[in-house]
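J.: sequence first, predicted model second:
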Amino acid sequence: MNLREVAAFLGVSERTVRNYVSRGLIPATRIGPKLLRISPDDVAAFVEGE
């Protein structure tokens, strides 16, 4: 999932998702200088742990 998809799913801004990633709350894979991809399983785990 990209940042926009995760943000829409969680009901937060893309900036908030970036903050979650930088704080280590959601693991992400960097595929470019500014591109991140997040596993749907990791998003589900984050939601369950909230």
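T.: Structure's in. What do you need?
J.: sec struct for the residue of the chain most remote from its centre, please.
T.: Largest separation from the mean C-alpha position in the chain: residue 33, at 16.0 Å (C-alpha atoms, centre = their mean). At residue 33 the chain is in coil, as set by DSSP: H, G, I helix; E, B strand; the rest coil.
J.: any idea how far it lies from residue 8?
T.: As judged by C-beta to C-beta, to the nearest Å, residue 33 and residue 8 stand 23 Å apart. Every C-beta, even on glycine, is put in place using the N, C-alpha and C of the backbone.
J.: identify the residues contacting the residue farthest from the centre of the chain.
T.: Applying C-beta atoms under 8 Å, 6 or more residues apart in numbering, one finds that residue 33 lies in contact with no residue.
J.: which residue is nearest the middle of the chain?
T.: Central residue of the chain (C-alpha atoms, centre = their mean): residue 17, 4.9 Å from the mean position.
J.: pull out the buried residues from the strand or helix carrying that residue.
T.: In this structure, residue 17 sits in helix 14-22 according to DSSP states H and E. Using 16 or more other C-beta atoms under 10 Å as the test for burial, helix 14-22 gives 17-18, 20-21.
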